[in-house]
Structure formats: structure tokens, C-alpha cells
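*Asks:* next one to model:
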Amino acid sequence: MKYNPEIKADPLSRENLIAWLLTQPADKTYAYPKPDRCMLGQWVRSIDRKAHNAKEHGSLYYKVHGEIASLSHFNDIAIGNGEVSSWTFGQALARAQQQ
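*Replies:* Predicted coordinates:
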């Protein structure tokens with residue numbers, strides 16, 4: 001019998017981030033420097049309500065479904081130009097779609 005493993009979509013993919021951002025109000029702001037109120041923190045909690053920042057590994061690491069995940073590759077999407085005015089879900093969506 002041939003083994004055919006089930007292939008599952010990556011819940012932490014850029015495509016999933018974009019799909020989630022599409023559900024957020026474009027003008028709603030988030031607090032980038034606060035892991036519990038930042039865009040990435042809110043996103044991972046939509047995937048796993050128990051997800052949280054894994055500070056001991058770094059500010060862009062989150063524990064999701066019991067695993068530590070680095071989200072540093074999404075930092076440019078989350079931080080924008082570094083100004084508070086760029087921390088809206090709509091602007092994050094535009095950055096995510098450009099990558």
C-alpha cells in the first residue's frame with residue numbers, strides 16, 4: 001500500500017495573513033510595539049486563541065498551537081514606515097499584497 005500523507009495548508013502563510021487582513025476594517029489601527037495589540041499578535045490569536053508572544057525568543061516570535069514560530073519575515077508588513085500613521089490594517093494589507 002502506498003503512503004499518501006495529507007498535505008495541510010500553512011496557517012502562518014502570507015496568503016493566510018492576506019486573507020485575514022481582508023476581514024479587518026481598513027482604517028482600524030493596531031499598536032505595533034505591543035505584542036498583544038499588534039497586527040501579528042491579533043492574527044495568530046485568530047488562528048489559535050491561546051497563541052501568545054514568546055518574548056524569551058524575541059519580539060517577533062509567537063507560540064501558536066504549542067509551537068514557537070518566528071514571524072520576523074512579516075515585520076516589514078507590520079511596521080510599515082515605522083510611523084504610527086502606517087499602522088492600519090488597510091495599509092498592512094497593501095504592504096502584504098506588494099510582497
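*Asks:* only C-alpha atoms from now on, for both contacts and neighbour counts.
*Replies:* Noted.
*Asks:* how about the residue nearest to residue 27 when sequence neighbours are not counted, what does it touch?
*Replies:* Leaving aside its sequence neighbours, residue 27 sits nearest to residue 88 (C-alpha to C-alpha, 6 or more residues apart in numbering; 5.7 Å). Neighbour list for residue 88: 26, 27, 28, 29, 30 [criterion: C-alpha atoms under 8 Å, 6 or more residues apart in numbering].
*Asks:* just the buried ones out of those residues, please.
*Replies:* 29, 30 (16 or more other C-alpha atoms under 10 Å).
*Asks:* residues contacting residue 21?
*Replies:* 89, 90, 92, 93.
*Asks:* now the closest residue to the first one other than its chain neighbours: how far from residue 72?
*Replies:* This means residue 89. Spatial nearest neighbour of residue 89, chain neighbours left out: residue 26 (5.0 Å); criterion: C-alpha to C-alpha, 6+ apart. Relative to residue 72, residue 26 is positioned 23 Å away (C-alpha to C-alpha, to the nearest Å).
*Asks:* nothing else from me, thank you.
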